[in-house]
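> Structure for the following, please:
(one chain, ligands or ions: 1)
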Amino acid sequence: MAKNCERTMRRNTNAVVEDLLFPGGDPDVTATSRRHEAIYEILTTMPDESYNSLKERADTFDWFIPDALSRGRIERWHARVYPKKKTIGRFKEVPYADILYLSPQLETAAWDIVLAVVAHELAHLAQNHQVICDADLYKKQEQEAWELVRRWGYAQQVKKLNAVHVRRDTVEKREIEESKAKIETAKARKQGKSGG
Ligand SMILES: [Zn+2]
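Reported below is the predicted structural model:
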């Protein structure tokens, strides 16, 4: 079990901007965007090992942090990685850029949830995880990402997010059961009518 480390300021915003890791390059945006605020907090306190890994990857990924008010737009991402004759299963890998998507929903989510989600996605990048993979590897990578986020000092936040997920699963299950029951009732009613 990895030890959780304290979150302390390890570098300032200028360093993050200079390392080309801050989305858009203008830290003032943290005043109006909680997603950017979370990115700022996570990148300035992250342990060096993970930070350096992200720094090395800075030119291979891009952010997608759409404004909550934007209804739609065209966005172009340029290929940044040019794999050399690599195949994944029966697919040949083509040039790509990895996109880190952060939903505008996070702007109204609890702060701990914002931190947990942003840290989790950054953890995938810091660990150079495969984006295209089978179910087993997906599960393994998810566990690794959560473990790393805990080590960055967000154990409490991960716990809260898990609780939200459990709650959401329960609600979803109940809704499915309810709609199944409704269909059954409707069927029974129909059969009753046609039968008698
Ligand atoms: Zn994940």
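> C-alpha from now on. contacts and neighbour counts both.
Will do.
> gap between the longest helix anywhere in the chain and the chain center?
Secondary structure of the chain read by DSSP state H shows that its longest helix is helix 155-195. Distance of helix 155-195 from the chain centroid (CA atoms, centre = their mean, to the nearest Å) equals 26 Å.
> Can you name every helix or strand that it contacts?
Applying 3 or more CA pairs under 8 Å, 6 or more residues apart in numbering; DSSP states H and E, we find helix 155-195 packed against helix 111-126, helix 135-149.
> Between helix 111-126 and the shortest one, find me the angle.
In this case it means helix 135-149. With axes from the mean of the first three to the mean of the last three CA atoms, to 10 degrees applied, the angle from helix 135-149 to helix 111-126 works out at 120 degrees.
> what would the helices and strands packed on helix 155-195 look like in a markdown table with mean neighbour count?
Output for the helices and strands packed on helix 155-195, formatted as a markdown table (neighbours: other CA atoms under 10 Å):
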| stretch | mean neighbour count |
| --- | --- |
| helix 111-126 | 21 |
| helix 135-149 | 17 |
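> out of the ones you listed, which comes closest to residue 174?
Closest approach to residue 174 among those (CA to CA): helix 111-126, 23.5 Å.
> So what touches the helix or strand of the chain with the lowest mean pLDDT?
In the chain, no helix or strand scores lower on mean pLDDT, DSSP states H and E than strand 87-88, which sits at a mean of 78. With contact meaning CA atoms under 8 Å, 6 or more residues apart in numbering, strand 87-88 is reached by residue 93.
> same thing but at 10 Å, please
93-94, 132-133 (CA atoms under 10 Å, 6 or more residues apart in numbering).
> Those residues: which two are farthest apart?
Most distant of the contacts of strand 87-88, by CA to CA, are 94 and 133, 15.5 Å apart.
> centroid residue for this protein?
The geometric centre of the chain, computed from its C-alpha atoms, lies nearest to residue 121 (CA atoms, centre = their mean), at 3.8 Å.
> Could I get the contacting residues of it?
Neighbours of residue 121 in contact, by CA under 10 Å, 6+ apart: 100-102, 142, 145-146, 149.
> what do you get for residue 98?
Residue 98 neighbours (CA under 10 Å, 6+ apart): 59-64, 77-81, 125, 131.
> What mean pLDDT does stretch 103-110 get?
Mean pLDDT, computed over stretch 103-110, is 95.
> Need the three-state assignment for residue 100.
strand (DSSP: H, G, I helix; E, B strand; the rest coil).
> Count the residues that sit near the residue nearest to residue 33 when sequence neighbours are not counted.
Among residues not flanking residue 33 along the chain, residue 107 sits closest, at 6.8 Å (CA to CA, 6 or more residues apart in numbering). The number of residues packed near residue 107 is 17, by other CA atoms under 10 Å.
> Quick check: residue 107 touching residue 31?
No: at 11.9 Å, residue 107 does not count as touching residue 31 under the criterion of CA atoms under 10 Å.
> And the least confident helix or strand of the chain, how far out from the chain middle?
With CA atoms, centre = their mean, you get 24 Å for strand 87-88.
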